[in-house]
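**Q** Please work out how this folds:
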Amino acid sequence: MNKTIKKIGVLTSGGDSPGMNAAIRSVVRTCAYHNIECIGIYRGYQGMIEGDFKEMGPRSVNNIVNKGGTILKSARSKEFMTPEGRKKAYENLYKVGVDGLVIIGGDGSFTGAEIFNKEYGIPVIGIPGTIDNDIYGTSHTLGYDTALNTVVECIDKIRDTASSHNRLFFVEVMGRDAGHIALNAGIGAGAEEILIPEEDLGLDRLLESLEKSRNSGKSSSIVVVAEGDKMGKNVFELKDYIEQHLPEYDIRVSVLGHMQRGGAPSCFDRVLASRLGVKAVESLMEGKSNYMAGIIQDEVTLTPLEQAIKGHYPIDLELLRVSDIMST
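**A** Predicted structure coming up:
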């Protein structure tokens, strides 16, 4: 028979993403609905080690569904990577009676959760929170949709000045290992070229494309570059290379940086966070552990944490084809 869950701890770890607060709210209120106590763990695993806990009830999460970031804060904990750190964390959880954990974060956070579960047996369920959308087992991670909308809005504004001054803009977006933001936002914003880590476009083809655009009468262009693109060490080196070979272009670089991780979450992210929070708590109640709650074809699903960590979603080849056609 499954052990009855009486008290659940919730934490956010790794990079923040819009929708994390909505997920916290969902976990807390689902706990209240089922008469389960809920403890907020501040500053991720570091707060677990230091016993930085606070009891949370339905009213403690009022008016946070619309806020970006995370009210529970986030921190990367080197100490939690050691057996001694995890022992301290377990002892603190044991003292307050936490017997289940909801971890909102990315693959690093899930790896820590899996190890912690193996060592101490506390059931864990993950909720994917990262704007990069690079976690296997869900079509959307929390914050991805919001980040896309933020990037498209920024590129729309950059295009205004690019058109006014007949300039070529390289716009760098987040995505060190995955080009989902660059590809989708690039298509949505009408970029002339999109450079992503999964596809090596090649400098010659980029030059050819930009020259073709120029000859066809385009007086301004936008090239969206994922920060992990393989063509150059960074976007500024790419700019220098293009300037050397196509001196007729007046080139500027805009690095969007951390603004992509901020801002009020979109409706999609708020609803997704609410659905995943309910699933996480009710999965713990059912005796499940070492799973991640995600969404596939609009159905909330569970994926083993190990698969979520090690799996990889390939880039959408159809979207790449659409991108090529749209840049004509």
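
**Q** Can you list the low-confidence ranges for this protein?
**A** Residue ranges of the chain with pLDDT under 70: 1-2, 201-202, 216-220, 229-233.

**Q** what ranges do the strands span in it?
**A** Secondary structure of the chain (DSSP state E): strands at 7-12, 37-41, 53-56, 100-105, 124-128, 167-173, 193-195, 221-226, 250-255, 291-296, 299-304.

**Q** Adding mean neighbour count and distance to residue 70, write the ones you listed out as CSV.
**A** C-beta here means a position set from N, CA and C on the backbone, and glycine is covered the same way. Shown next, in CSV, are the strands of the chain (neighbours: other C-beta atoms under 10 Å; distance: least, C-beta to C-beta, whole Å):
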stretch, mean neighbour count, distance to residue 70
strand 7-12, 26, 4
strand 37-41, 23, 10
strand 53-56, 17, 13
strand 100-105, 29, 8
strand 124-128, 29, 12
strand 167-173, 24, 22
strand 193-195, 25, 30
strand 221-226, 26, 25
strand 250-255, 16, 24
strand 291-296, 22, 17
strand 299-304, 16, 21
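
**Q** Which one of these lies nearest to residue 151?
**A** strand 167-173 (5.4 Å; C-beta to C-beta).

**Q** now the closest one against strand 250-255, angle please.
**A** Interaxial angle of strand 167-173 relative to strand 250-255 (axes from the mean of the first three to the mean of the last three C-alpha atoms, to 10 degrees): 20 degrees.

**Q** List of residues touching strand 167-173?
**A** 151, 154-155, 158-159, 161-162, 181-182, 185, 191, 210, 220-227, 235, 238-239, 242, 249-256, 260 (C-beta atoms under 8 Å, 6 or more residues apart in numbering).

**Q** returning to that earlier point: make CSV out of the strands of the chain and add distance to residue 86.
**A** Shown next, in CSV, are those (distance: least, C-beta to C-beta, whole Å):
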stretch, distance to residue 86
strand 7-12, 14
strand 37-41, 14
strand 53-56, 16
strand 100-105, 12
strand 124-128, 13
strand 167-173, 35
strand 193-195, 40
strand 221-226, 34
strand 250-255, 37
strand 291-296, 20
strand 299-304, 21
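
**Q** give me the beta-bridge partners of residue 38?
**A** residue 8, residue 56 (DSSP bridges).

**Q** Identify the residues contacting it.
**A** 7-10, 27-28, 31-32, 55-57.

**Q** mind running it again at 10 Å?
**A** Residue 38 makes contacts with 7-10, 24, 27-32, 54-58, 60-61, 98, 100, 102, 281, as judged by C-beta atoms under 10 Å, 6 or more residues apart in numbering.
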